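Novice: Predicted model and sequence below, questions to follow.
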Amino acid sequence: MTRPLIHPRDEIMRTMERIYRYRMTTTSGGNLSICEPSGEIWITPARVDKGSLTREDIVRIAPDGTVEGRHQPSSEFPFHQAVYAVRPEIRAIVHAHPVALVAFSICHQTPDTRLFHQACFVCGKTGFAPYALPGSKHLGSNIAATFQAGCESVILENHGVVVGGTTLSQAFQRFEAFEFAAKTVIKGRQIGEVRYLTTAQLQQAHSRSVALQTFHPAPATTKEQELRRQLQQFLRRGCRQRLFISTEGSFSARLGDDSFLITPTQADRESLEVADLVWVKGDRREAGKKASRAVLAHQAIYRRHPHVQAIVFAHPVNATAFSVTDSVFNARTIPESYVVLRDVQRVPYGVQYQHTGSIADFVTAASPAAILENDGVLVTGSSVLDAFDRLEVLECTAEAVINAHAIGRVAAMPDSVIHELREAFPIE
């Protein structure tokens with residue numbers, strides 16, 4: 001087991017900064033805690049701006065109840081304490097009021113995470129806790145009872161959400177994935193009936209594995225160094241723009257005829273460093289690293305399409321709403337959307353998990369992007385920048401179309417306009 005080397009003060013401060021930056025809490029809302037094996041609990045303070053939290057603001061509560069810090073602990077401390085008491089393996093808690101999960105809480109519903117295999121796996125068992133006064137022991141009892149029933153991600157009636165994990169990193173990932181699932185359900189319901197995965201479909205994705213032999217790479221060339229830098233920077237930008245979440249998506253860039261760099265598996269996308277990216281050459285991977293489980297899909301596309309220099313599998317909320325419904329995504333909305341995206345294909349569920357390479361059938365120079373049923377989107381490009389730009393345009397177009405449904409009938413550009421665009425902007 002890896003020894004934790006980051007002080008709880010710093011881990012809580014950094015996680016809250018990220019939650020606030022993602023607009024998943026407000027200045028006064030939400031609280032985080034970490035419970036040490038010794039029984040001491042570190043928690044965010046009461047009535048302190050979450051947007052400018054410092055490490056000195058974090059409060060320590062000893063097992064005997066002694067409070068150490070320059071502030072009082074969060075008023076919600078009682079339910080943190082209650083959850084730790086009934087679930088000793090839980091060592092960190094995230095509580096906040098992100099808008100999509102709050103929407104479910106005030107409708108007295110829990111979002112179904114079976115939209116995607118990863119969300120279902122990451123969030124764990126979900127539950128619903130009845131209302132009680134915030135900060136009260138009664139609320140603590142309600143929440144603790146739901147966790148005691150085996151839940152990890154819990155909606156609070158007319159309140160918000162509480163998520164637990166063995167580490168604060170895991171609790172954050174569950175929280176983020178839970179909100180992502182909730183947002184996708186809400187967006188999807190605006191354009192059609194949401195489709196959920198069966199147990200067999202979930203198992204198909206979860207049980208897939210990739211066995212690649214290893215190799216020890218030569219010293220990095222300047223080309224490799226540059227591609228690593230670009231991938232790392234655009235991954236971080238994508239997370240901050242909510243095109244990726246920490247547990248979803250993969251990004252790669254071609255390095256040679258049969259080699260490419262790709263994101264590692266089971267790693268926080270925003271926190272990746274250039275050294276974390278994995279070099280895949282032929283059927284081998286860089287020693288000491290594990291490539292994304294989507295590696296064979298990336299490989300098949302590169303082998304089939306020499307013009308493709310970068311590939312993204314991602315889950316931006318609006319575009320993903322089309323993947324969980326039968327609503328057809330149409331890029332023939334404004335000139336930029338069509339010029340950048342052309343005609344976007346739709347991939348049946350599970351094609352990208354197969355080892356046949358058939359995922360490469362769904363992208364071409366004329367169709368550089370695709371909607372993956374119940375698994376987000378696939379985008380290809382002539383460079384890392386080109387692929388990222390297409391991902392942005394795809395998400396912006398999807399959001400505009402969903403918003404348009406609230407206004408009136410969506411009017412696509414006629415064939416005459418499309419012909420004119422094809423003449424003016426031919427595919428290279």
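Specialist: That came in fine, so what should we check first?
Novice: Next, count neighbours for residue 126.
Specialist: Other residues within reach of residue 126, judged by other CB atoms under 10 Å, total 21. Just so you know, the C-beta spots here come from the backbone N, C-alpha and C atoms, and that holds for glycine as well.
Novice: Which strand residues bridge the closest residue to it other than its chain neighbours?
Specialist: Closest residue to residue 126 apart from its sequence neighbours, by CB to CB, 6 or more residues apart in numbering: residue 153 at 4.7 Å. Taking DSSP bridges, one finds residue 126, residue 163 as the beta-bridge partners of residue 153.
Novice: who touches residue 153 in this structure?
Specialist: Residue 153 makes contact with 113, 123-127, 161, 163, 174-175, 178, according to CB atoms under 8 Å, 6 or more residues apart in numbering.
Novice: again, only using 10 Å
Specialist: 94, 101, 110-111, 113, 122-127, 146-147, 161-165, 171, 174-175, 177-179, 181 (CB atoms under 10 Å, 6 or more residues apart in numbering).
Novice: For it, give me the pLDDT.
Specialist: Here, the pLDDT recorded for residue 153 equals 97.
Novice: What of residue 1?
Specialist: pLDDT at residue 1 comes out at 48.
Novice: residues of stretch 302-315 that come out buried?
Specialist: Neighbour-count burial for stretch 302-315 flags 302, 305, 308-315 (criterion: 16 or more other CB atoms under 10 Å).
Novice: Among those, which are located in strands?
Specialist: Secondary structure assignment by DSSP state E places 310-314 of the buried residues of stretch 302-315 in strands.
Novice: coming back round to it: want to throw the buried residues of stretch 302-315 into TSV with distance to residue 380 and pLDDT?
Specialist: Below are those laid out as TSV (distance: CB to CB, whole Å; pLDDT from 0 to 100):
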residue	distance to residue 380	pLDDT
302	9	98
305	7	97
308	5	98
309	8	98
310	7	98
311	5	98
312	8	98
313	10	97
314	12	97
315	17	96
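Novice: Just the closest of those to residue 361, please.
Specialist: In terms of CB to CB, no member of the buried residues of stretch 302-315 lies closer to residue 361 than residue 305, at 10.5 Å.
Novice: Next, the contact list for the closest one, please.
Specialist: Going by CB under 10 Å, 6+ apart, residue 305 touches 311, 360, 363-365, 368, 380.
Novice: Sort these by pLDDT and name the bottom one.
Specialist: residue 365 (91).
Novice: Not counting residues beside it along the chain, what's closest to that residue?
Specialist: Distance criterion CB to CB, 6+ apart; nearest residue to residue 365, sequence neighbours excluded, is residue 427 at 5.3 Å.
Novice: rewinding a little: could I have the buried ones of the contacts of residue 305 as PyMOL selection syntax?
Specialist: Selection of buried members from the contacts of residue 305 for PyMOL, criterion 16+ other CB under 10 Å:
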select buried, resi 311+360+363+364+368+380
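Novice: and residue 95, what helix or strand is that in?
Specialist: Per DSSP states H and E: residue 95 is located in strand 92-96.
Novice: Which strands or helices does that strand pack on?
Specialist: The contact analysis (3 or more CB pairs under 10 Å, 6 or more residues apart in numbering; DSSP states H and E) places strand 92-96 against helix 8-21, strand 31-35, strand 41-43, helix 77-86, helix 137-148, strand 153-156, strand 160-165, helix 168-189.
Novice: Tell me which residues are up against the following helix or strand past that strand.
Specialist: Sequence order places helix 99-106 as the next helix or strand after strand 92-96, per DSSP H and E. By CB under 10 Å, 6+ apart, the list of residues contacting helix 99-106 from outside reads 23-24, 29, 96-97, 109-111, 128-129, 131, 153, 155-161, 163, 175, 178-187, 317.
Novice: Spell out the residue ranges of the strands in the stretch 301-428 of the chain.
Specialist: 310-314, 345-347, 369-372, 377-381 (DSSP state E, counting those that start in this stretch).
Novice: want to throw these into TSV with distance to residue 228?
Specialist: Formatted as TSV, the strands of the stretch 301-428 of the chain follow (distance: least, CB to CB, whole Å):
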stretch	distance to residue 228
strand 310-314	13
strand 345-347	29
strand 369-372	24
strand 377-381	17
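Novice: thinking again about what came up before, the residue nearest to residue 365: what's it in contact with?
Specialist: 307, 339, 342, 364-368.
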